[in-house]
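Trainee: this one's sequence-less:
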């Protein structure tokens, strides 16, 4: 499987694939690239409806130029953990950000979540996030208001009285429960419309079915999250034999 950056010709093939309505996985298969590479490339360059190969190529060259210019500033960044490939870590952070965005998280919030998630300590101060992401303090503040409100991040005060933002082992559980609550609220609102639109009418029947569907999904999601919560607090057994494929 080829590595390295996408070529201009590959970007043209991506654009043609999108125009033909191909899925990311199919485009990736034809280029012999990981699906995540194609997904990240498209999402960071306008999305499937606005992607243009020439603009994407120029934008990538511009980002690479900016990174080279900013290289001296990296001396103040936290040291890399020994044994890690810094470029691979950066690429993975971009991939994780893209996945968060595809799940509905706004871009800046997704970038903050990705940075917190891949930090070994699971926590960063606002100033550390500003330095890491090269954005304004106001952008971090706005992102944190959203993430804290969604129970995805916890705010703490450290010994220097600075706000420190934390993602702990329960972050995925809290996110799933928040999603379950949100889904349940939509279901409840849909059910309210049944009486207003008149039971038995086509619109009311549609809302009733939506409500029943979302109620089932919400209850199942909350139940599954509760049952699986202990996994988040269990240290993986790296010595165990891999499970056989069935």
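Mentor: Received, thanks. None of the values given here were measured: they were computed from a predicted structure. Numbers count the residues shown, from 1 in each chain.

Trainee: next helix or strand past the helix or strand of the chain with the lowest mean pLDDT?
Mentor: Here the helix or strand of the chain ranked lowest by mean pLDDT, DSSP states H and E is helix 53-70, holding a mean of 71. Note on helix 53-70: by DSSP states H and E, the next helix or strand toward the C-terminus is helix 86-102.

Trainee: which residues are contacting that next one?
Mentor: 36, 39-40, 43-44, 80, 107, 109-111, 113-115, 117-118 (Cβ atoms under 8 Å, 6 or more residues apart in numbering). Backbone N, C-alpha and C define where each C-beta goes, glycine included.

Trainee: For stretch 165-174, measure first residue to last.
Mentor: End-to-end distance of stretch 165-174 (Cα to Cα, to the nearest Å): 15 Å.

Trainee: Please identify the buried residues of that stretch?
Mentor: Under the neighbour-count criterion of 16 or more other Cβ atoms under 10 Å, stretch 165-174 has 165, 167, 171-174 buried.

Trainee: Tabulate these (TSV), appending secondary structure and pLDDT.
Mentor: Listed next are the buried residues of stretch 165-174 as TSV, based on DSSP: H, G, I helix; E, B strand; the rest coil; pLDDT from 0 to 100:
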residue	secondary structure	pLDDT
165	strand	90
167	coil	87
171	helix	77
172	helix	79
173	helix	87
174	helix	82
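
Trainee: Reformat those as CSV; add distance to residue 144.
Mentor: Formatted as CSV, those follow (distance: Cβ to Cβ, whole Å):
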residue, distance to residue 144
165, 6
167, 12
171, 14
172, 18
173, 20
174, 15
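
Trainee: Closest to residue 21 out of these?
Mentor: Within those, the smallest distance to residue 21 is 32.9 Å, found for residue 172 (Cβ to Cβ).

Trainee: Might you report the residue contacts of that closest one?
Mentor: Residue 172 neighbours (Cβ under 8 Å, 6+ apart): residue 232.

Trainee: Let's check: the centremost residue of this structure is which one?
Mentor: residue 100 (1.2 Å; Cα atoms, centre = their mean).

Trainee: Next, work out how far apart that one and residue 40 are.
Mentor: Residue 100 sits 12 Å away from residue 40, taking Cβ to Cβ, to the nearest Å as the criterion.

Trainee: do residue 233 as well
Mentor: According to Cβ to Cβ, residue 233 and residue 40 sit 31 Å apart.

Trainee: And these two? Which one has more around it.
Mentor: residue 40 (21 against 10; other Cβ atoms under 10 Å).

Trainee: just the helices in this structure please.
Mentor: Using DSSP state H, the helices of the chain run over residues 8-19, 24-31, 35-43, 53-70, 86-102, 107-118, 126-133, 137-149, 171-197, 202-228.

Trainee: and the angle from the last one to helix 171-197?
Mentor: When you say that, I think you mean helix 202-228. Interaxial angle of helix 202-228 relative to helix 171-197 (axes from the mean of the first three to the mean of the last three Cα atoms, to 10 degrees): 160 degrees.

Trainee: Quickly list the domain ranges of this structure.
Mentor: What automatic domain parsing lists as the domains of the chain is 8-68, 86-166, 171-232.

Trainee: What does the pLDDT read for residue 79?
Mentor: What the model reports as pLDDT for residue 79 is 52.
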